[in-house]
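Next one to model:
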Amino acid sequence: MNIEVPTKPDGTTVRALVVDDESSITQLIAMALRYEGWEVSTASNSEEALEAVRTFKPDVAVFDILLPDFDGMQLLSRVRSAGEIFPVLFLTALDSVEDRVAGLTAGGDDYVVKPFSLEELLARLRGLVRRSQIVLDSQPNPILRVGDLELNEDSYEVTRGDEFIQLTSTEFELLRYLMRNSGRVLSKAQILDRVWSYDFSGKPTVVELYISYLRRKIDSGRPAMIHTVRGAGYMVKPAD
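Alright, predicted model coming up:
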């Protein structure tokens, strides 16, 4: 099966950064991505990764959690503090719910637990790129509005009233899907299929987790716009 590699609007190849202190893992992932036509850079620790972010300018990244200098979540925190918003997939040997949630809460967009399926990891990376800002479809009007909530598909900005709301790429894509279907109830299965686009069975719990993240950022201290319809799914509508 031929796989179409996503490209940026200028036609150049998407760049992936792979960070892991196990050279066998970085080489394996890099080889698989290059075979599909990606441009790849690798790093064995967080300091090398930060330098690669500055010079290589990745469009998506894989960060191992357990790195020899400082961990992947600290690395991501520094990357986000520098204003970089490319999607990040965590690669980790830690298989507890708390560790996975911590990684996503830190601003990560997905995770894969070691030992992992290479096919699954590549599918998730392709999904992250498809829904990231570099491959957003061009729209005649890039502004989505629901009540006082506004999402700009071109600039990747979200505001509610006068307040700017910073979202990860996955949160952005979830909110975009909800806003495009304002007033319509979307099931967990529909959201998984559209937002995560996995080539394998996804877990509905990840939808609940990201809905809670959006509520924290969109609805906290304000009239609610994100609603749960028991037994059916979720919807966005103007606040009452």
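
Now do the closest residue to residue 124 other than its chain neighbours against residue 196, distance only.
Closest residue in space to residue 124, ignoring its immediate chain neighbours: residue 110 at 5.3 Å, by Cβ to Cβ, 6 or more residues apart in numbering. Where C-beta positions appear, they are placed from N, C-alpha and C, glycine not excepted. Here the criterion is Cβ to Cβ, to the nearest Å. By it, residue 110 lies 8 Å from residue 196.

Now the common contact residues for those two.
residue 127 (Cβ atoms under 8 Å, 6 or more residues apart in numbering).

hmm, back to that, is the residue nearest to residue 124 in contact with residue 63, as I believe?
No: contact criterion Cβ atoms under 8 Å: residue 110 and residue 63 do not qualify, at 10.9 Å.

So for the two, which residue has more residues nearby?
The neighbour count for residue 110 versus residue 63, taken as other Cβ atoms under 10 Å, is higher for residue 63 (27 against 23).

Verify the stated contact: residue 175 with residue 158.
Yes: look at residue 175 against residue 158 with Cβ under 8 Å: they come within range, at 6.7 Å.

Between those two, which is the more surrounded one?
Taking residue 175 and residue 158 together and counting by other Cβ under 10 Å, residue 175 has the greater number of neighbours (27 against 23).

wait, what's in contact with the more buried one?
By Cβ under 8 Å, 6+ apart, the neighbours of residue 175 are 151, 158, 167, 214, 218, 236.

Mind checking which of those residues land in strands?
Applying DSSP state E to the contacts of residue 175, the entries found in strands are 151, 158, 236.

anything in contact with each of residue 110 and residue 63?
88-90.

Which of these has the largest number of neighbours?
residue 88 (30 neighbours).

which phi and psi does that one have?
phi -130, psi 130 (degrees, to the nearest 10).

any idea how far it is from residue 239?
Where residue 239 is concerned, residue 88 sits at a distance of 32 Å (Cβ to Cβ).

quick revisit: and the residue nearest to residue 124, what are its bridge partners?
Beta bridges link residue 110 to residue 89, judged by DSSP bridges.

tell me the contacts of it?
87-90, 104, 124, 127-128, 170.

Specify which member of the contacts of residue 175 is nearest to residue 47.
If you rank the contacts of residue 175 by distance to residue 47 using Cβ to Cβ, residue 167 comes first, at 27.7 Å.

and which of the contacts of residue 110 is nearest residue 143?
Distances from residue 143 to the contacts of residue 110, taken by Cβ to Cβ, are shortest for residue 170, at 20.9 Å.

before we move on, the earlier item: so for the contacts of residue 175, which is the shakiest by pLDDT?
Within the set of the contacts of residue 175, pLDDT is lowest for residue 167 (89).

Go ahead and confirm that residue touches residue 158.
Yes: if you go by Cβ under 8 Å, residue 167 and residue 158 touch, sitting 5.7 Å apart.

circling back to that earlier point, common neighbours of residue 175 and residue 158, please.
Contacts common to residue 175 and residue 158, judged by Cβ under 8 Å, 6+ apart, are 151, 167.

which stretches of this structure form helices?
23-35, 46-56, 72-81, 97-105, 118-130, 169-180, 188-191, 205-218 (DSSP state H).

would you turn those into a markdown table with distance to residue 228?
What follows is the helices of the chain, written out as a markdown table (distance: least, Cβ to Cβ, whole Å):
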| stretch | distance to residue 228 |
| --- | --- |
| helix 23-35 | 37 |
| helix 46-56 | 37 |
| helix 72-81 | 29 |
| helix 97-105 | 19 |
| helix 118-130 | 25 |
| helix 169-180 | 12 |
| helix 188-191 | 11 |
| helix 205-218 | 8 |
